[in-house]
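Engineer: Quick check, what structure comes out for this input:
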Amino acid sequence: LISSETDYEFLEPVRQSGTAAILPKPFTLPSLRQALMASVDFSPNAVKAHNLRLTGLRVLIADDSRSARSHARRVLENLGGENFIEAVNGREALRILATDRFDLIVTDWHMPECDGLELTRHIRHDPRHQHVPVLMITSETNQALLDHAIRTGVSAICPKVFDPQTVMRILNSLLDAARPRSVS
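Structural biologist: Numbers count the residues shown, from 1 in each chain. The predicted structure is shown next:
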């Protein structure tokens, strides 16, 4: 996307919807080159799922942005996911978790009513869900805050945009760690 818009409130939903690159006007040749490379590398349909086994897994996606939920779902579907429930915020996710079980929870960090950290705290204190991997999607870059999220119980953090290659790498690691091990 090439835009003269600089307002974060306007650009953030666009970025969350899966835009590969936002290029401000005026732009330089190096920034154009970088945006083009990001766009070429970004293709949800081009990702091969390799050993990733999302088929049959129940996935809860919690995000207050409809476009971000749709983008996350598309990426996960392209990785083999089939069984999704969506929540518009952490509070709705908690209502769903009261009656449902999931194999993976994908949550945004910043949401109204109950954010991703509070949702994760509840999950980690609930014996029915405390073992479920929590993948947090965020544009947060402050390392101290990211470390705090991990200490809170977040299993992994994925930067926005929800890049298919990055998601596949993270999920391979998360789901491999969550699989039961045979005792030799």
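
Engineer: Using PDB, list the CA coordinates for stretch 84-92.
Structural biologist: Listed next in PDB are the C-alpha coordinates belonging to stretch 84-92 (Å, rounded to 0.1, in the frame of the first residue of the first chain):
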ATOM      1  CA  PHE A  84     -11.800 -22.300  14.200                       C
ATOM      2  CA  ILE A  85     -13.900 -20.300  16.700                       C
ATOM      3  CA  GLU A  86     -13.500 -16.500  16.800                       C
ATOM      4  CA  ALA A  87     -13.800 -14.100  19.700                       C
ATOM      5  CA  VAL A  88     -14.000 -10.300  19.400                       C
ATOM      6  CA  ASN A  89     -12.000  -9.700  22.700                       C
ATOM      7  CA  GLY A  90     -10.600 -11.500  25.700                       C
ATOM      8  CA  ARG A  91     -13.800 -11.500  27.600                       C
ATOM      9  CA  GLU A  92     -15.700 -13.300  24.800                       C
END
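
Engineer: Show the average pLDDT along that stretch.
Structural biologist: Computed over stretch 84-92, the mean pLDDT rounds to 97.

Engineer: now the helices: where do they sit in the protein?
Structural biologist: When assigned using DSSP state H, the helices of the chain occupy the ranges 8-16, 29-41, 66-78, 90-97, 116-124, 143-152, 164-178.

Engineer: Not counting stretch 125-144 itself, show me its contacts.
Structural biologist: Identification of contacts with stretch 125-144 by C-beta atoms under 8 Å, 6 or more residues apart in numbering yields 12, 15, 63, 68, 72, 97, 101-110, 116, 119-120, 123-124, 146, 149, 153-160, 162, 170-171, 174-175, 177-178. Bear in mind the C-beta positions are built from the backbone N, C-alpha and C, glycine included.

Engineer: Of the residues you listed, keep whichever come out buried.
Structural biologist: Neighbour counting over these (16 or more other C-beta atoms under 10 Å) leaves 12, 15, 63, 68, 72, 97, 102-109, 116, 119-120, 123, 146, 149, 153-158, 160, 162, 170-171, 174-175 as the buried ones.

Engineer: tell me the domain ranges of this protein?
Structural biologist: For the chain, automatic domain parsing gives the domain ranges 2-42, 46-178.

Engineer: Please identify the deepest-packed of the ones you listed.
Structural biologist: Using mean count of other C-beta atoms under 10 Å, the stretch among those with the largest mean neighbour count is domain 46-178, at a mean of 18.
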